[in-house]
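Q: Take this sequence and fold it.
(10 chains)
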Protein chains: 10
Amino acid sequence: MDRQQVTQKIIATKVANKLRWADLATHFGQSKEWTTAALLGQMTFNREQADKAQALFGLTDEEAAWLQIVPYKGSLPSAVPTDPLIYRWYEIVSVYGTTIKELIHEEFGDGIMSAIDFSMDIQREADPKGDRVQVVLSGKFLPYKTY
Amino acid sequence: MDRQQVTQKIIATKVANKLRWADLATHFGQSKEWTTAALLGQMTFNREQADKAQALFGLTDEEAAWLQIVPYKGSLPSAVPTDPLIYRWYEIVSVYGTTIKELIHEEFGDGIMSAIDFSMDIQREADPKGDRVQVVLSGKFLPYKTY
Amino acid sequence: MDRQQVTQKIIATKVANKLRWADLATHFGQSKEWTTAALLGQMTFNREQADKAQALFGLTDEEAAWLQIVPYKGSLPSAVPTDPLIYRWYEIVSVYGTTIKELIHEEFGDGIMSAIDFSMDIQREADPKGDRVQVVLSGKFLPYKTY
Amino acid sequence: MDRQQVTQKIIATKVANKLRWADLATHFGQSKEWTTAALLGQMTFNREQADKAQALFGLTDEEAAWLQIVPYKGSLPSAVPTDPLIYRWYEIVSVYGTTIKELIHEEFGDGIMSAIDFSMDIQREADPKGDRVQVVLSGKFLPYKTY
Amino acid sequence: MDRQQVTQKIIATKVANKLRWADLATHFGQSKEWTTAALLGQMTFNREQADKAQALFGLTDEEAAWLQIVPYKGSLPSAVPTDPLIYRWYEIVSVYGTTIKELIHEEFGDGIMSAIDFSMDIQREADPKGDRVQVVLSGKFLPYKTY
Amino acid sequence: MDRQQVTQKIIATKVANKLRWADLATHFGQSKEWTTAALLGQMTFNREQADKAQALFGLTDEEAAWLQIVPYKGSLPSAVPTDPLIYRWYEIVSVYGTTIKELIHEEFGDGIMSAIDFSMDIQREADPKGDRVQVVLSGKFLPYKTY
Amino acid sequence: MDRQQVTQKIIATKVANKLRWADLATHFGQSKEWTTAALLGQMTFNREQADKAQALFGLTDEEAAWLQIVPYKGSLPSAVPTDPLIYRWYEIVSVYGTTIKELIHEEFGDGIMSAIDFSMDIQREADPKGDRVQVVLSGKFLPYKTY
Amino acid sequence: MDRQQVTQKIIATKVANKLRWADLATHFGQSKEWTTAALLGQMTFNREQADKAQALFGLTDEEAAWLQIVPYKGSLPSAVPTDPLIYRWYEIVSVYGTTIKELIHEEFGDGIMSAIDFSMDIQREADPKGDRVQVVLSGKFLPYKTY
Amino acid sequence: MDRQQVTQKIIATKVANKLRWADLATHFGQSKEWTTAALLGQMTFNREQADKAQALFGLTDEEAAWLQIVPYKGSLPSAVPTDPLIYRWYEIVSVYGTTIKELIHEEFGDGIMSAIDFSMDIQREADPKGDRVQVVLSGKFLPYKTY
Amino acid sequence: MDRQQVTQKIIATKVANKLRWADLATHFGQSKEWTTAALLGQMTFNREQADKAQALFGLTDEEAAWLQIVPYKGSLPSAVPTDPLIYRWYEIVSVYGTTIKELIHEEFGDGIMSAIDFSMDIQREADPKGDRVQVVLSGKFLPYKTY
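A: The predicted structure is shown next:
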């Protein structure tokens, strides 16, 4: 058994019981973004969160233990994603990558935007010409230093 | 001559003259995100914008004509980016890709967030524990339809 | 269980019962193109469509639930397809890709032809020198905008 | 000197002189699809066509000779295209590839749709919800035979 | 169940029963080249051929049905083959590919040698310095046309 | 200077002077297959052959010396060829590779068909349904031995 | 069942019974290099050798039959090996490849060192500064010929 | 200027002057294997060796300085070599890699054969059935240790 | 059965029993770095160590035998790692690789830092601005020699 | 002109003038690790550092301006490095990657070791059995948080 098998069981239960990510997030008392990433096998649960997951998805003790182990992260089956929704994000990185780099460096100097001390918020933005997806990404700036 | 050579000339002039993207954006009367992407060779200029660029960067008529031709887009030299700042964005796609997919589908149904009818806003977010980069992405939702 | 296993069951049943895509499309009341893509695991069923599929292919409730979940799309096992029929389409993209790009941009300006707001129609075109496959692709043009 | 250098000279002249593909096609007396592909270095010119191109683009005799040599075809710089317009076509192959395969085989049996005995027609399709790109592909069906 | 599993069953039966390809070809009344390719999962059987295969290899009705479905072709596990015999053929394409291209174009003009309307014959060629493998490939020439 | 530059000069001279491979082969007194491969940079010339090439293509002494050095072989720019004619040969290896392997092993036992002690003959095969390309490959069989 | 499964059974039995390759080679009456390669699934057994293997590893008749079928060769899971010992050999090819090529060509002319008519001998070479691995490779030189 | 340019100059001079590796090795007083690798840009020269090379190949002072800088090693243009002679060595790693690994581990335990404390000797081995290439590789065994 | 299956059983037992690597290292009397690498399937156990592992993880005799066989090393599923922690190390190689190379060569001359005669120590370094990970790598320098 | 050209000029000057990294570091008043990385094009200079570099390497004003622009980082020409010294580091990531991950997570919880807030120290460690390279890496631990 490994984390991937626990993830598959969680997803299968979610599909069979027609659970929603937003409701699961309320249940865990976390944002829907963190909750979804965690249940998809990308984040580590603490003891209390694992207990809730165990009850909700009917996990065994060993399965609940796996949730508390840091997983090998990376949720996609290929370096360039084939799924159209996820590819559009890869395309943003491909087309706008150097733009993002230039603007962050102009504002902050040499360094990166953290993908660890990071949060994400996905919302519907009503628009008469067709609703929009609005995503806010917030990451700490980490500067390179000389030494 | 091709667009890439015009881009290299623009960048070299920008470095030599110590111009800033934010000031260039004001000059073009567009957002700094669009202006940077355009000057980095990812967007198409209209006649008026190309004239401004010609004056500002000392371009020849042929170089200005290239700016009005739709370019072959894609700004990165490899499928998996090696630059640490840009890689962090690729990592977001890799780690959070399935999360983004699930949450958008739960809210909107099957479809994608457009990377064409799309805008981006990059801002500094002051934070006592270290300033943060805040990025807002807004893309129209495009549903799959049955036919 | 995941969508891929449901797809495999559907295909196996179709082969065992010698069903035809065109007849299945009539049964679902959709085009044969959408119906085939959906049964091959690339599209999402609504409730009513899933009920029809459940009856037709003898699916369990959980299997029918999977059909209503947006799938991870992408139907080919490698980046460059090995199957001769599908490769010919990849060859069209490889050889004519820049031609298609130039002609669409000349007619419409900078933007893309949507692969989401998109339909396809495949027909036999009788021809004394050997029948031809005629494929009509129709996708909404989505322009890039400045902002 | 090779064909690629002739192609670059043709493109640069086209940009500098603001020529349009549709007008060039009229000049050559061929479809705009064939003309564009040929000028982009994917097709072979006959003597008469090469003479027209020589006059139009100011080519030397050696450059005109290159146009009459069969080129090494393939117009894209990477196996998975990065340009958004061309990628959408690759995505169609990725998502709908098995669908196309199934429907052609159901109608015609085992074989392929030729990418050689092939023509393409790209048109604007007016639509109140936003104009569409309509592409008609027509390729001879070539059956596999037993022997 | 899919075609690959049927192929594996056929191969395993062939090995267990020590059958020879040449004898199987006689049984099917086809060339040994077509018969081998078909039993290795690259070709489609008609009804009569599938019946013979069912009897010979003890296939179920569903397995026999799979033989009549056009398979996803491609018989090698990697883009560059590792098996020394098959690699030698890939090497011929790599080293002599441009030679083959030049000579066919000089004789026939722009176009291809079909890999669909195609046959192959493999024979032993006795030679005092060591026997040789002689392979005759015959493919219809398909010209590119202007339109 | 390296062999590739000599090859480019030879090809450019051939195009400019409208020479044919078949005539060049007669001039060198070798098969058209060997002559083409050699002039495309895949084979090594002896002294006499290099002298002929020097006279014919106006090579310098150093260029003629390069022809007598064994080249780094491999004539294609990518692992999977993009040119349609050459791809069809790669497709033959991909689809029929295991068939070729099985039939050669059944006839000869374990070993390979040499791609070194090898010759190739490409001919037009007249056919009322469309002329065919006939290619005869002949390679020595080299057996694996136990030791 | 396929050859890979037979190989896995042989290896598992070897590990469970703590057999040594050198002793197995004596048992088969072949070199330890050939024996190891054969038991690892890279070589073909004759009838007598397969009988010995069947007795030694408790193989079924079908498993013994697989040993007499020419296998699909290639023993590594990736193009660039990750195992440090095997990588060092790949590194030798990468760093010294052109050196080996130059020296063999200087001595023998254009051609190759056969990897089929080939033997290998691996020995311990005692050395006070640390023992050395000595490997002798012997392959027939096969010249390219003109034709 | 970099080392690669110095290497190209050395090779071009060697070809123009028809020098032999064996004679160059005598001149440098080293084995022909080391000398060839060094002149092909894979090894570092000491002061005295660089002086000899400077005189022999007419190098400038800066070019001679580059010979004394440790180069970025790796002599092949692709991960899987296309040149037939070098490929045969890659094939040996691919087919016999696990055999080599098993036999070295059985004799020496866990560790590697060094590719650094390493020497190579390439000789002609006369053989009435066709001369053979004999290569002796000698590398220090380096054991993994527990700590 | 193979080593990978033994590794999976060890990890599963470790997770189920909530064992810590540091305690396991004490149990084996080795560093935590070696112990972790060994239990993750990268190192070879001696008899005594295998006995301890057998008792601790409830292994069968065959499973314990596998621990004493040198494994095929390499612990990551892709050439470029997707896990953020491991990627940061790959990034260090990518960004600082040439720096490390230059500094080691300046200090030691041409050669490498061994990854075999190698040890690693990972410690927490308390820091008021946020604790740091301190890693000490120590590898024997192995010089290239002329011969 | 771009940063890569400035880097090449710096390296060429360093080789021609036989400068040492350690002396350059003293000149810049930084560690030799940072100085080397910066001069190899991976780090950004401030005004004062750029002035020193301009004087030392005879750079033009534009070249000095490039040093103050954040570069596109990544110093290696391929995803898997071919240089033996750099490969050993890649091998450490490949073989010990999961070990490093497990030990850091056990000590710190889920998160990463920063490659930005990071320093490196490379020293000679005298050892009678052969000197060793000692490298100390120090990176801030950055935890994942729930939100």
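Q: Leaving out the residues flanking it, which one is nearest to A:Tyr144?
A: A:Asp110 (4.6 Å; C-beta to C-beta, 6 or more residues apart in numbering or on different chains). From N, CA and C alone the C-beta is placed, and that goes for glycine too.
Q: Which strand or helix spans A:Val6?
A: Per DSSP states H and E, A:Val6 falls inside helix A:3-17.
Q: now swap in A:Asp117 and tell me
A: Going by DSSP H and E, A:Asp117 is in strand A:111-125.
Q: Buried residues, that strand. List them.
A: A:Gly111, A:Ile112, A:Met113, A:Ser114, A:Ala115, A:Ile116, A:Asp117, A:Phe118, A:Met120, A:Ile122 (16 or more other C-beta atoms under 10 Å in any protein chain shown).
Q: coming back round to it: and the residue nearest to A:Tyr144, what is it in contact with?
A: Residues in contact with A:Asp110 (C-beta atoms under 8 Å, 6 or more residues apart in numbering or on different chains) are A:Pro143, A:Tyr144, J:Met43, J:Thr44, J:Val70.
Q: Break chain A into its domains for me.
A: By the assignment in automatic domain parsing, chain A contains the domains A:3-67, A:84-143.
Q: any chance of the ones you listed in TSV, plus mean pLDDT and distance to D:Ala25?
A: Output for the domains of chain A, formatted as TSV (pLDDT from 0 to 100; distance: least, C-beta to C-beta, whole Å):
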stretch	mean pLDDT	distance to D:Ala25
domain A:3-67	96	51
domain A:84-143	96	30
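Q: residue boundaries of the strands in chain A?
A: In chain A, the segments counted as strands under DSSP state E are A:111-125, A:132-143.
Q: So which of these is nearest chain F?
A: strand A:111-125 (32.4 Å; C-beta to the nearest C-beta).
Q: Partner strands of the closest one, with direction?
A: strand A:132-143 (antiparallel) (DSSP bridges).
Q: Closest residue of chain A to chain C?
A: Closest point on chain A to chain C, by C-beta to the nearest C-beta, is A:Thr82, at 2.8 Å.
Q: So that residue is in contact with C:Pro77, correct?
A: No: under the criterion of C-beta atoms under 8 Å, A:Thr82 makes no contact with C:Pro77, lying 10.5 Å away.
Q: Of the buried residues of strand A:111-125, which is the nearest to A:Trp21?
A: A:Ile122 (10.3 Å; C-beta to C-beta).
Q: thinking again about what came up before, let's have the domains of chain A in CSV, adding distance to E:Arg132.
A: Putting those into CSV (distance: least, C-beta to C-beta, whole Å) gives the following:
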stretch, distance to E:Arg132
domain A:3-67, 52
domain A:84-143, 50
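Q: most tightly surrounded among those domains?
A: When these are scored by mean count of other C-beta atoms under 10 Å in any protein chain shown, the highest mean neighbour count falls to domain A:84-143 (a mean of 20).
Q: how far does it stretch from start to finish?
A: 34 Å (C-alpha to C-alpha, to the nearest Å).
Q: same thing with stretch A:97-116?
A: 19 Å.
Q: For chain F, give me its nearest residue in chain A.
A: Closest point on chain A to chain F, by C-beta to the nearest C-beta, is A:Val80, at 15.6 Å.
Q: Any idea how many residues pack against the closest residue in space to that residue that isn't next to it in sequence?
A: Of all residues not flanking A:Val80 in the chain, D:Val80 sits nearest, at 5.2 Å (C-beta to C-beta, 6+ apart). D:Val80: 19 surrounding residues under other C-beta atoms under 10 Å in any protein chain shown.
Q: Minimum distance to chain H, which residue of chain A gives it?
A: A:Ala79 (15.5 Å).
Q: contacting residues for that residue?
A: B:Ala79, B:Val80, I:Ser78, I:Val80.
Q: Then A:Ser78?
A: C:Ala79.
Q: Then A:Val135?
A: Taking C-beta under 8 Å, 6+ apart as the test, what A:Val135 contacts is A:Met120, A:Asp121, A:Ile122, A:Gln123, B:Ile100, B:Met113, B:Val136, B:Leu137, B:Ser138.
Q: quick one: the closest residue in space to the first one that isn't next to it in sequence and chain G, what's the gap?
A: Translated: A:Met120. Leaving aside its chain neighbours, A:Met120 sits nearest to A:Glu33 (4.8 Å; criterion: C-beta to C-beta, 6+ apart). A:Glu33 sits 35 Å away from chain G, going by C-beta to the nearest C-beta, to the nearest Å.
Q: in terms of contact, does A:Glu33 touch A:Val136 like I think?
A: No: A:Glu33 is beyond contact range of A:Val136, at 10.1 Å (criterion: C-beta under 8 Å).
Q: shared neighbours of these two, which are they?
A: With C-beta under 8 Å, 6+ apart, A:Glu33 and A:Val136 have common neighbours A:Met120, A:Asp121.
Q: check contacts around the closest residue to A:Ala12 other than its chain neighbours.
A: Nearest residue to A:Ala12, sequence neighbours excluded (C-beta to C-beta, 6+ apart): C:Met1, at 5.3 Å. Counting by C-beta under 8 Å, 6+ apart, C:Met1 touches A:Ala12, C:Glu62, C:Glu63, C:Trp66.
Q: try A:Thr44
A: A:Ala38, A:Leu67, A:Gln68, A:Ile69, A:Val70, A:Pro71, J:Gly109, J:Asp110, J:Tyr144.
Q: Go again with 6 Å.
A: Taking C-beta atoms under 6 Å, 6 or more residues apart in numbering or on different chains, we find A:Thr44 in contact with A:Val70, J:Asp110.
Q: ok, now A:Lys101?
A: B:Leu85, B:Ile86.
Q: what number of residues lie near the closest residue to A:Gln8 other than its chain neighbours?
A: Nearest residue to A:Gln8, sequence neighbours excluded (C-beta to C-beta, 6+ apart): C:Asp2, at 7.0 Å. By other C-beta under 10 Å, the residues close to C:Asp2 number 15.
Q: what does the helix holding A:Val6 rub up against?
A: Residues contacting helix A:3-17 (C-beta under 6 Å, 6+ apart): A:Leu39, A:Gly41, A:Phe57, A:Glu63, A:Trp66, A:Pro71, C:Met1, C:Glu62, C:Ala65, C:Trp66, C:Ile69.
Q: Return the distance of the third one relative to C:Arg3.
A: Distance from A:Phe57 to C:Arg3, counting by C-beta to C-beta, to the nearest Å: 19 Å.
Q: before we move on, what about the second one?
A: The gap separating A:Gly41 from C:Arg3 is 17 Å, by C-beta to C-beta.
Q: now do the last one
A: For C:Ile69, the distance to C:Arg3 equals 7 Å [C-beta to C-beta].
Q: re the thing from before, could you dump the buried residues of strand A:111-125 into a markdown table and include distance to D:Ala22?
A: Listed next are the buried residues of strand A:111-125 as a markdown table, based on distance: C-beta to C-beta, whole Å:
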| residue | distance to D:Ala22 |
| --- | --- |
| A:Gly111 | 49 |
| A:Ile112 | 47 |
| A:Met113 | 45 |
| A:Ser114 | 50 |
| A:Ala115 | 47 |
| A:Ile116 | 52 |
| A:Asp117 | 54 |
| A:Phe118 | 49 |
| A:Met120 | 45 |
| A:Ile122 | 43 |
